[in-house]
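Trainee: Take a look and give me a structure for this.
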Amino acid sequence: NFFRSNQEKTAKHLGIASYALDSCRNELRNCIYDLRSGSLDKTNMNAAIRDALAPYVGDTHLTVRFSIRRSRLSDNTAHTLIRIIRELVSNAIRHGHAQTIRIAGTFEDGVLRLSVTDDGEGFDPANHPGVSEGHFGLQGIRERLKAFNGTLSFDSTPRRRTKAIVSLPLLKEELKK
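Mentor: Okay, the predicted model is just below:
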């Protein structure tokens, strides 16, 4: 029988498929939550971010200092930022076992800069599980950023904290006065 002779390979593929299915279920749950939560209706980005993260942070200590007014961001830009932040925070908690997370955002010289810093276990940014292993989170962030000509980088090493840095040049149509 094919499956018996390839048990290790079959188990690996089933594990990847199971992880991918969990990721899809979580992404669908996030989409439904976004539709119902009203996070984007908040007039303050700090409040919008906290509201969007509420179901995910549990006992994790969260500090949010986002100096960009929600009223200046288009709905598309605000939604993209919240999705990126949620994925980074979720990764820090789920994979890095972070207990403290700091989120900061500023807007200067036409570029929105965002950082998510945690006290978790860290990881090797050059060697982390990707799409072929059923992990879609960082790839999803990069795809979202690509639409804005944005970038994602990490300051992290295994067994240390992680700092994710997002740079997002914002065009006039993505900003409001």
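
Trainee: Count the residues that sit near T162.
Mentor: Look at T162: counted by other C-beta atoms under 10 Å, it has 25 neighbours. Where C-beta positions appear, they are placed from N, C-alpha and C, glycine not excepted.

Trainee: residues of stretch 50-63 that come out buried?
Mentor: Neighbour-count burial for stretch 50-63 flags R50, D51, A52, L53, Y56, V57, T60, L62 (criterion: 16 or more other C-beta atoms under 10 Å).

Trainee: just so I have it, where are all the helices in the protein?
Mentor: Listed in chain order, the helices of the chain (DSSP state H) span 2-5, 7-37, 45-57, 75-94, 137-146.

Trainee: about what we covered before: how about the buried residues of stretch 50-63, which pair is most distant?
Mentor: D51 and T60 (15.4 Å; C-beta to C-beta).

Trainee: and the gap between D22 and G15?
Mentor: 11 Å (C-beta to C-beta, to the nearest Å).

Trainee: ditto for A147
Mentor: Here A147 is placed at a distance of 31 Å from G15 (C-beta to C-beta).

Trainee: Looking at those two, which is more packed in?
Mentor: Taking neighbours as other C-beta under 10 Å, A147 and G15 compare with G15 leading, 12 against 9.

Trainee: Tell me the confidence at the more buried one?
Mentor: The per-residue pLDDT reported for G15 equals 72.

Trainee: and if you look at the one 3 residues further on?
Mentor: Per-residue confidence at S18 stands at 71 (pLDDT).

Trainee: N46 is in contact with R69, correct?
Mentor: No - between R69 and N46 there is no contact under C-beta atoms under 8 Å: 10.2 Å.

Trainee: Between those two, which has more neighbouring residues?
Mentor: Relative neighbour count places N46 above the other of R69 and N46, with 17 against 12, counting by other C-beta under 10 Å.

Trainee: Please name the nearest non-neighbouring residue to that one.
Mentor: Residue nearest to N46 in three dimensions, not counting chain neighbours: V64, with 4.7 Å by C-beta to C-beta, 6 or more residues apart in numbering.

Trainee: same check, this time on S90
Mentor: Nearest to S90 is Y56, by C-beta to C-beta, 6+ apart, at 5.5 Å.

Trainee: same check, this time on I93
Mentor: Per C-beta to C-beta, 6+ apart, closest to I93 is T60, 5.7 Å.

Trainee: Could you check how far that neighbour is from D119?
Mentor: To D119, T60 is 10 Å away according to C-beta to C-beta.
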